[in-house]
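K.L.:
For reference, the sequence and a predicted model appear below.
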Amino acid sequence: MPTLIADEKTQAMAEIRKLIEDPSFPNGWPNKETHIDHQIKWKDGVSKEYGVHGTAVGVDFDICIADGICITVCPVNVFDRMELPGEQEKMDKGVTNDSGKAPLATWKADPARENDCIFCRACEIQCPVQAIKITEP
């Protein structure tokens with residue numbers, strides 16, 4: 001029986017992914033649509049529901065747990081909270097996302113002003129699930 005638990009844990013860990021570790025982002029990810037002043041990138045076989053908002057400041061909404069640290073540490077106010085009503089049901093059920101952790105709120109950190117980014121990488125460094133990838137132009 002302990003082997004089964006270990007195997008389940010190993011499989012769960014294998015399913016956790018981090019945007020920061022994907023070298024094909026952003027150039028290898030096709031544009032899905034435009035939101036405000038940034039692209040939404042989507043990669044078949046990787047993106048599950050929301051995709052990645054932004055390219056210079058890419059936030060993978062399928063990994064983001066909405067802890068808000070990126071909003072707090074950004075010195076130039078790049079991020080806005082974007083409400084996603086479907087997240088409430090996931091929170092109620094304790095469903096984990098691609099980060100392996102459950103969302104903490106019904107919103108995601110949207111890089112609404114990614115053109116204002118000064119590439120300090122504070123958000124990327126502080127993100128506890130590595131849902132942010134900074135790519136300087």
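P.N.:
Structure received.
K.L.:
Quick check, I16 in contact with Q130.
P.N.:
No: with contact defined as CB atoms under 8 Å, I16 does not count as touching Q130 (9.8 Å). Backbone N, C-alpha and C define where each C-beta goes, glycine included.
K.L.:
and for these two, which residues touch both?
P.N.:
S99 (CB atoms under 8 Å, 6 or more residues apart in numbering).
K.L.:
Go ahead and flag the most central residue of this protein.
P.N.:
By CA atoms, centre = their mean, the chain has its centre lying nearest to D60, at 2.6 Å.
K.L.:
got the contact list for the residue lying closest to it once chain neighbours are set aside?
P.N.:
Nearest non-adjacent residue to D60, counting by CB to CB, 6 or more residues apart in numbering: L19, 4.2 Å away. Going by CB under 8 Å, 6+ apart, L19 touches 25, 52, 58, 60, 63, 130-133.
K.L.:
CSV for the residues you listed, including pLDDT?
P.N.:
Converted to CSV, the contacts of L19 look like this (pLDDT from 0 to 100):
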residue, pLDDT
F25, 96
V52, 97
G58, 98
D60, 98
I63, 96
Q130, 97
A131, 97
I132, 98
K133, 98
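K.L.:
Make JSON lines out of those and add secondary structure and distance to G94.
P.N.:
Listed next are the contacts of L19 as JSON lines, based on DSSP: H, G, I helix; E, B strand; the rest coil; distance: CB to CB, whole Å:
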{"residue": "F25", "secondary structure": "coil", "distance to G94": "29"}
{"residue": "V52", "secondary structure": "strand", "distance to G94": "24"}
{"residue": "G58", "secondary structure": "strand", "distance to G94": "27"}
{"residue": "D60", "secondary structure": "strand", "distance to G94": "21"}
{"residue": "I63", "secondary structure": "coil", "distance to G94": "17"}
{"residue": "Q130", "secondary structure": "coil", "distance to G94": "21"}
{"residue": "A131", "secondary structure": "coil", "distance to G94": "19"}
{"residue": "I132", "secondary structure": "strand", "distance to G94": "24"}
{"residue": "K133", "secondary structure": "strand", "distance to G94": "27"}
